[in-house]
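**Student:** Pasting a predicted model and its sequence here:
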Protein chains: 2
Amino acid sequence: MKYEFTKRMSNVKASAIREILKATADPDMISFAGGNPAADAFPTDAIEKISADILKNDPISVLQYGITEGDKGLIEAATKFFNRHEKVFGLGDKMLITSGSQQIMEFAAKCLCNEGDVVVCENPSFLGALNAFKSLGAILRGVEYKEGQLDLEALEKALQAQPKPKFIYLIPNFQNPTGMTMSFEVRQQVLALAKQYEVLILEDNPYGDLRFEGTAIPSIKSLDQDGFVIYAASLSKIIAPGMRIACCIGPTEIVNKFTVAKQASDVHSNLWAQKVMARYLTEYDMDEHIAVIQKIYKDKCNLMLQEMEKHFHKDVHYTKPTGGMFIWVTLPKHVNMQEFVKKALAQNVAVVPGHAFLDDDNKECHSFRMNFSTPTNEKIIEGIRLLGELTFQMI
Amino acid sequence: MKYEFTKRMSNVKASAIREILKATADPDMISFAGGNPAADAFPTDAIEKISADILKNDPISVLQYGITEGDKGLIEAATKFFNRHEKVFGLGDKMLITSGSQQIMEFAAKCLCNEGDVVVCENPSFLGALNAFKSLGAILRGVEYKEGQLDLEALEKALQAQPKPKFIYLIPNFQNPTGMTMSFEVRQQVLALAKQYEVLILEDNPYGDLRFEGTAIPSIKSLDQDGFVIYAASLSKIIAPGMRIACCIGPTEIVNKFTVAKQASDVHSNLWAQKVMARYLTEYDMDEHIAVIQKIYKDKCNLMLQEMEKHFHKDVHYTKPTGGMFIWVTLPKHVNMQEFVKKALAQNVAVVPGHAFLDDDNKECHSFRMNFSTPTNEKIIEGIRLLGELTFQMI
């Protein structure tokens, strides 16, 4: 039989990253392509202990059906945790526990975008979110950067253009893929523009706690009192991604709609993960745990940047993140980036070609993404040396 | 700010069952409204042991990101398990591990139905699946029953009508909400009609192993060699629903498309649950475990039917399931079913009004759903006595 698939799904390709990651299953490969947390930062002992206790004393609570909204204990613990430094959970807000932040992106598009509706995004932006929007028939309208910050004039034009966008998708902290952070002033102005044009903001903040330099900048969510921001907070990068647990915080009316969407999507998130996370957030010192991750990431990022400084051709430009997991590398215009990535892969070094992160992946792109959280120090040193040689060969 | 939601989501209401279940949080309530497995049938000791072993010896494998397709060990174990009595995994098929069967319903609509496309379903059918289809803009076209079986003439008309439907959604074993089972002859004819009109079948089989009387009837999937059937197999009812693990088996091209949808939806299912399930299926005797559940359900179902026989007015009709979890009760036409359900709730007995399960919940309906797997024997006896009195008051 000949199968026919939907228009919306025809816009979504299998992730370019995933295809590259298949190549990196080879243990000899030096992969800067992933976005995995460093495995040595997982709180394995604590999770083992908490899990044993729950499964011994209250197994039914994790095995029976749960409620769609999420485990009450986790909602309480996560609200306290994500509100500890700034007020992301405000008056009139509600929390929904989701199966990873990815699900929040999907619910946003499912509940807010009819087919053909527009989502404004940074250009480049997180591939997984862009795919979620496209998979529900939304059209992407990218806004470029200018001198290291989102171009506010371009943003205003994107908000004025027809059809009127339904929301602006932003990753203000240590953005994926660029590693860049939005300044306080730009955050304020983005929020002001959103209010002026009455467009919602979907603020994705998976990396906010992974700052290893400088001081935290308030989230856009914390600056808003008028119900313009939906906030995606995740435990994937600071506890463990295999758990698939994130928290959506937003205006009650929106979160209630997302809850109906979740009921139709996967009923509720895995209960063991929710119960274990609730106990971990309550009984352990999260800030101490996060400090350990920050230290690991700072060292790895500094090592990678230092090796790049040493080995890369001077015409190669790259971001210098103060947190997160990614560095965004831009080759001179006359170098074919996709050719560069292919040659790197032939030498067993994997990076992600940048066009995959654009609103339209047919656009010209001279950048690629590198991850520093996953590879060992040895692989960072060896991989950067090889990439460095390639920059001199190709420039 | 005034929020505007999508057309597709405006068709989906918060589940009627869920609203009733809120009322049943009261411990004095006698709830026949749920669809929960009996908690005393969960293999708690085995899960505790397996989990401890995994978290001690290989914690990273459940904490790091996994692949979208699902854990290899689980795919292998589940293929062997679901293929043990009949060939549901055929030549040219592939398996995708999903976060519950609910997700398979969503992917089917997301990948196969453009907005306004039609899904043919039994009338009544499982509310959660109908909501998943509607949440992606699909239109339901219900086919009624005739003398205890799906009306094949009506099905053929539904397949001929324009617009041409994209798939037929069926629960052939111990259907939710009716508890009815499709005969072998009807399964063969349904498949023949699907082939004749080139319409896919989505066969949902969460209860197939919960047969406590008679012999198993081959699934429609096992009768098909031509790629017409997508099969949803779940571990929720035979191991534990809080795990949220199901398996989609179908033609490779379709399952590959669902995999792209899953990547955009929740990246992958919870890894701990996948690894624990893989080990449980491999190391424990599932058929012995299932026999325990069958015994519990048989006793509860028989008790409920016997009490209904004793206490219900003779003009009340109901199905006599040979498996599953549900009995479908039909009141005489002159009795207002919704009034009956309200009066029952006022007496602390909860059942689910039947119109919630129809393709159009504004249609006239004189039936309600009762669940026998969750309540204790005492509650079954007391609840049926109260409902019985009500039948005599209202008829």
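**Tutor:** Ah, there it is.
**Student:** List the buried residues for the helix or strand where A:Ala344 lies?
**Tutor:** Element membership of A:Ala344, judged by DSSP states H and E, is helix A:337-346. If you call a residue buried by 16 or more other C-beta atoms under 10 Å in any protein chain shown, then helix A:337-346 has these buried ones: A:337, A:340-341, A:343-345. Using the backbone N, CA and C atoms, a C-beta is placed for each residue, glycine as well.
**Student:** CSV please, covering the residues you listed and showing distance to A:Thr79.
**Tutor:** Shown next, in CSV, are these (distance: C-beta to C-beta, whole Å):
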residue, distance to A:Thr79
A:Met337, 43
A:Phe340, 46
A:Val341, 42
A:Lys343, 49
A:Ala344, 44
A:Leu345, 44
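**Student:** Just the closest of those residues to chain B, please.
**Tutor:** A:Leu345 (19.6 Å; C-beta to the nearest C-beta).
**Student:** how much space is there between the closest one and A:Ser31?
**Tutor:** According to C-beta to C-beta, to the nearest Å, A:Leu345 and A:Ser31 sit 10 Å apart.
**Student:** ok, now A:Met9?
**Tutor:** 28 Å.
**Student:** A:Lys80 too?
**Tutor:** 36 Å.
**Student:** the more surrounded of those two?
**Tutor:** Counted by other C-beta atoms under 10 Å in any protein chain shown, A:Lys80 and A:Ser31 do not tie: A:Ser31 has more neighbours, with 23 against 12.
**Student:** I figured that one was touching A:Thr376, is that so?
**Tutor:** No. Counting by C-beta atoms under 8 Å, A:Thr376 is not a contact partner of A:Ser31; they are 10.6 Å apart.
**Student:** for chain B, what are the nearby residues on the stretch 151-300 of chain A?
**Tutor:** Applying C-beta under 8 Å from any C-beta of the partner chain, we find that the stretch 151-300 of chain A lies next to chain B at A:198, A:200, A:226-228, A:240-244, A:251, A:253-254, A:257, A:259-261, A:263-273.
**Student:** what's near enough to touch the closest residue to A:Asn114 other than its chain neighbours?
**Tutor:** Nearest residue to A:Asn114 in three dimensions, chain neighbours excluded: B:Thr6, at 5.1 Å (C-beta to C-beta, 6 or more residues apart in numbering or on different chains). By C-beta atoms under 8 Å, 6 or more residues apart in numbering or on different chains, the contact list for B:Thr6 reads A:110-114.
**Student:** now, which of those sits nearest B:Asp93?
**Tutor:** Nearest to B:Asp93 among the contacts of B:Thr6, counting by C-beta to C-beta, is A:Lys110 at 28.7 Å.
**Student:** Now do the contacts for that closest one.
**Tutor:** A:136, A:261, B:6, B:8-9, B:135-136.
**Student:** Same list, these, but as CSV with pLDDT, distance to B:Glu86 and secondary structure please.
**Tutor:** Output for the contacts of A:Lys110, formatted as CSV (pLDDT from 0 to 100; distance: C-beta to C-beta, whole Å; DSSP: H, G, I helix; E, B strand; the rest coil):
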residue, pLDDT, distance to B:Glu86, secondary structure
A:Leu136, 97, 36, coil
A:Ala261, 97, 35, helix
B:Thr6, 96, 40, coil
B:Arg8, 94, 36, helix
B:Met9, 95, 38, helix
B:Ser135, 97, 32, coil
B:Leu136, 97, 31, coil
